[in-house]
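[1] Predicted structure and sequence below. I'll ask about it afterward.
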Amino acid sequence: MPAAAQPAAPVLPYATLLAFSRYVDRTGPAKATFVGGLRKQRASRSGFNPHGQFVKALKADLAFHTGGTHLNQVPDLVKPRWRPLYQALVPGALTYLASLGDPRSIELAQTHDALALLGGLPVKINPQFGLRYADGRAEAVRLHFDEAPPSGELVLATLHLMARHMDQVLPHAEPVLVDLRRGITHRPDPAVRADQVERWLAGEAAAFSAIWSTAA
């Protein structure tokens, strides 16, 4: 007799920093819809990052102190379907580069991914790159690509979780979130109490896991 089919392994709750910050930015039924989509994507192991070449171009300008040469060229190097997206991102990215000051005073730094645990929910902390300045400062940088500016909740969750694991990500660095379309850099607000943010995120993580476990 043929062997009985083995039941599929359960798809355990999991989120990237991008996914979790987008989740906390949603309200009501939109949260359940969003988590259900993430669960299906993880089960099928699908997913594609359309911004990969853009990030490489930005990092090349930072590494080689070229002030935007690679960013200006990259829209012509991608497939036509991605060209409008890249063209929309370039002006804000150039504004961000200019805001950093003298390109020669900045060095690209290697960051490392970390795995945060919020209750039982693993969240992958994965900045796009790090920066070191001539005055000794360092930053770990996440990029926000969306058409809409990041909400206060999204900024707060992103910066808190990066700061929480900075010893692994890039020791002694400050977390920053760059709203790339507008060239605006968000940094932690020293007035925010970390313990309150931690409680808020723990509740969000518990709800995320509960939705995940019931999603079809």
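    That came in fine, so what should we check first?

[2] Could you use CA atoms for every contact and neighbour count after this?
    Will do.

[3] mean confidence score for stretch 164-184?
    Summarised as a single mean, pLDDT over stretch 164-184 is 97.

[4] what sits up against the helix or strand of the chain with the lowest mean pLDDT?
    Sorted by mean pLDDT, DSSP states H and E, the helices and strands of the chain end with helix 29-44, the least confident at a mean of 91. Contacts to helix 29-44, defined as CA atoms under 8 Å, 6 or more residues apart in numbering, come from residues 11, 13, 19, 23, 24, 47, 208, 211, 212, 215, 216.

[5] quick one, what contacts the fourth one?
    Under the criterion of CA under 8 Å, 6+ apart, the neighbours of residue 23 are 31, 34, 35.

[6] which parts of stretch 203-213 are buried?
    Of the residues in stretch 203-213, 204, 205, 208, 209, 211, 212, 213 count as buried by neighbour count, 16 or more other CA atoms under 10 Å.

[7] circling back to that earlier point, could you dump the least confident helix or strand of the chain to CSV, C-alpha only?
    What follows is the C-alpha trace of helix 29-44 in CSV, where atoms were taken according to Å, rounded to 0.1, in the frame of the first residue of the first chain:
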residue,chain,number,x,y,z
PRO,A,29,-10.0,44.4,9.0
ALA,A,30,-7.0,45.6,6.9
LYS,A,31,-4.7,44.1,9.5
ALA,A,32,-6.2,40.6,9.0
THR,A,33,-6.1,40.9,5.2
PHE,A,34,-2.5,42.0,5.3
VAL,A,35,-1.4,39.2,7.6
GLY,A,36,-3.3,36.6,5.5
GLY,A,37,-1.4,37.8,2.5
LEU,A,38,1.9,37.5,4.3
ARG,A,39,1.1,34.0,5.4
LYS,A,40,0.3,32.8,1.9
GLN,A,41,3.4,34.4,0.5
ARG,A,42,5.6,32.7,3.1
ALA,A,43,3.8,29.3,2.5
SER,A,44,4.5,29.6,-1.2
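
[8] Give the rounded mean pLDDT of the helix or strand following it.
    Helices and strands here follow DSSP states H and E; after helix 29-44, the next one along the chain is helix 52-64. Confidence over helix 52-64, taken as the mean pLDDT, stands at 97.

[9] so how far is helix 52-64 from its chain's centroid?
    With CA atoms, centre = their mean, to the nearest Å as the basis, the distance from the averaged C-alpha position of helix 52-64 to the chain average is 16 Å.

[10] quick one: buried residues of that helix?
    Of the residues in helix 52-64, those scored as buried under the neighbour-count criterion (16+ other CA under 10 Å) are 53, 54, 55, 57, 58, 59, 60, 61, 62, 63.

[11] My guess is residue 60 contacts residue 70. True?
    Yes - with contacts defined as CA atoms under 8 Å, residue 60 counts as touching residue 70 at a distance of 6.7 Å.

[12] which residues do those two both contact?
    Overlap of the contact sets of residue 60 and residue 70 (by CA under 8 Å, 6+ apart) is empty.

[13] what's whichever helix in the chain runs longest in contact with?
    When the chain is scanned for its longest helix (criterion: DSSP state H), the result is helix 194-214. By CA under 8 Å, 6+ apart, the list of residues contacting helix 194-214 from outside reads 12-13, 24, 32, 35-36, 39, 118-121, 156-157, 160.

[14] re earlier: now tabulate the buried residues of stretch 203-213 in TSV and tack on pLDDT.
    Output for the buried residues of stretch 203-213, formatted as TSV (pLDDT from 0 to 100):
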residue	pLDDT
204	96
205	97
208	96
209	95
211	94
212	94
213	90
